[in-house]
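**Student:** Give me the fold of what follows.
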Amino acid sequence: MPAGHLRHVVLFGLALLVLGAALLLLGLGIGSTGFESFLSARHDPVALQIVWDIRLPRTLGAWLAGALLGLAGAVAQGLFRNPLADPFLLGSASGASLGVALALLFFGGSAASAQWVVRLGLTGAAFLGSMAAVMLTLLLARGVQQTLRLLLAGVIVGVVLGAMKDLITIASADILQAIQGFTLGNTGLVGWSACAVMALACALCLLLAWALAPVLDGLALGEATARSLGLPLGAMRAALVVVLALATGAAVAQTGLIAFVGLAAPHLVRSVVKTTHARLIVLSAAMGGLLLMAADLLARWLIAPQELPVGVLTAVLGGSYLLWLMHRRTARGTAS
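**Tutor:** Residues are numbered from 1 along each chain as shown. Modelled structure (predicted):
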């Protein structure tokens, strides 16, 4: 890679981190009590607790969840060789929703419950549901050798598990509000323990994805070319699916279903720099964290002291961006 191009990639990555740090500081002052809590935190124990135990982990958790989704989106788009692929293609979103519905039915609690037993149960159920959906997809697809079969199996599993979640919700209407909150996405319940789980998952997934990036570079040139390079495609595809499932499951388990971050983050990175998948994955993680953190701040600020579901904002903003992108490409194609 030319030195000038590498310098451009590094500067872009540093810019994403600097913007993320600025938004993190801004997030310490945005909340139902306004900037007063942040300004008086040094002298007021209650204000300090609000900033340290609520706002800081929530803002940092939004960045970590976005980073996981951005990473998963870059892996999914490279694995399926489809720029419209997103982290939820293997049925993980529907599996997580079904797991939460079953947990709520069992605990009789609410997603907003402060009881650690209920919260831990919801988090574990979402993660297990997400992983189970991916395993079921792999079983139906008979492995990861055929990408199209894997994609179709993921769609089928997503529809079936989503229908099962709807049946449970209809049968027990008292969990409807909690399920709706999970489906719309929510960063308000993210604490330090959730940040620790997502940070560990993010570090592990980044290391694995970086090591497996050469197979994505090979697949971008075509499957025949990748095989001619001597890459063990079967084993590496299976490892990439594990990375995709782990990153998606960890994020969904803590924040619910947040759309378009994993789809838009790699697109935004590719619109600025052209690079290998190893660097693309890292930059997509930083971009995803920045996008979700910005959406979380907007969700807190737009109608303060009330909040908007962060998943609604990401869907509106991400969907608008993709529509604009499609319009621009259509206009270019017409012009040429």
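**Student:** Can you report how many residues neighbour the closest residue to residue 319 other than its chain neighbours?
**Tutor:** Nearest non-adjacent residue to residue 319, counting by Cβ to Cβ, 6 or more residues apart in numbering: residue 260, 6.1 Å away. From N, CA and C alone the C-beta is placed, and that goes for glycine too. Using other Cβ atoms under 10 Å, the number of residues around residue 260 comes to 24.
**Student:** I figured residue 260 was touching residue 317, is that so?
**Tutor:** Yes. In this structure, residue 260 is within contact of residue 317 by Cβ atoms under 8 Å, at 7.4 Å.
**Student:** Tell me how many other residues crowd residue 274.
**Tutor:** So residue 274, with other Cβ under 10 Å, has 11 neighbours.
**Student:** Tell me the spacing between it and residue 11.
**Tutor:** 15 Å (Cβ to Cβ, to the nearest Å).
**Student:** Where is the longest helix in this structure?
**Tutor:** helix 192-220 (DSSP state H).
**Student:** quick revisit: how about the residue nearest to residue 319, phi and psi?
**Tutor:** Backbone torsions of residue 260, given as degrees, to the nearest 10, read phi 70, psi -20.
**Student:** Quick check: residue 56 vs residue 68, distance?
**Tutor:** According to Cβ to Cβ, residue 56 and residue 68 sit 19 Å apart.
**Student:** higher neighbour count, these two?
**Tutor:** For residue 56 versus residue 68, the count of surrounding residues by other Cβ under 10 Å is larger for residue 68: 32 against 17.
**Student:** quick one, what contacts the more buried one?
**Tutor:** For residue 68, the contact set (Cβ atoms under 8 Å, 6 or more residues apart in numbering) comprises 198, 201-202, 205, 247-248, 250-251, 285, 288.
**Student:** same thing but at 10 Å, please
**Tutor:** The contact partners of residue 68, taken as Cβ atoms under 10 Å, 6 or more residues apart in numbering, are 87, 198-199, 201-202, 205-206, 246-252, 254-255, 261-262, 285, 288-289, 292.
**Student:** same deal with residue 279?
**Tutor:** Residue 279 touches 1, 6, 9-10, 12-13, 210, 213, 269, 273, counting by Cβ under 10 Å, 6+ apart.
**Student:** Tell me where the stretch 51-200 of the chain has helices.
**Tutor:** Secondary structure of the stretch 51-200 of the chain (DSSP state H, counting those that start in this stretch): helices at 56-79, 92-107, 116-141, 147-171, 176-184, 192-220.
**Student:** what would these look like in TSV with mean pLDDT and distance to residue 235?
**Tutor:** As requested, these are exported to TSV (pLDDT from 0 to 100; distance: least, Cβ to Cβ, whole Å):
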stretch	mean pLDDT	distance to residue 235
helix 56-79	93	14
helix 92-107	82	21
helix 116-141	75	14
helix 147-171	86	15
helix 176-184	77	34
helix 192-220	90	9
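**Student:** Comparing those helices, which comes out most buried?
**Tutor:** Greatest average neighbour count among those goes to helix 56-79 (a mean of 29), per mean count of other Cβ atoms under 10 Å.
**Student:** Show me what stretch 217-224 is in contact with.
**Tutor:** Outside stretch 217-224, the residues that reach it (Cβ under 10 Å, 6+ apart) are 77-81, 147, 225-231, 233, 236-237, 240, 276-278, 280.
**Student:** So for that stretch, first residue to last residue, what's the gap.
**Tutor:** Start to finish, the residues bounding stretch 217-224 are 13 Å apart (Cα to Cα, to the nearest Å).
**Student:** Equivalent analysis for stretch 80-94, please.
**Tutor:** Stretch 80-94 has an end-to-end distance of 20 Å (Cα to Cα).
**Student:** hang on, residue 296 packs against residue 63?
**Tutor:** Yes. With contact defined as Cβ atoms under 10 Å, residue 296 reaches residue 63; the gap is 8.7 Å.
**Student:** Residues in contact with both of residue 260 and residue 317, list them for me.
**Tutor:** With Cβ under 10 Å, 6+ apart, residue 260 and residue 317 have common neighbours 291, 295.
**Student:** how deep is residue 21 tucked in, by neighbour count?
**Tutor:** Residues near residue 21, counting by other Cβ under 10 Å, number 11.
**Student:** State the distance from the residue nearest to residue 319 to residue 244.
**Tutor:** Residue 260 sits 17 Å away from residue 244, going by Cβ to Cβ.
**Student:** One more: residue 279?
**Tutor:** 18 Å.
**Student:** Having no further points to raise, I will conclude here.
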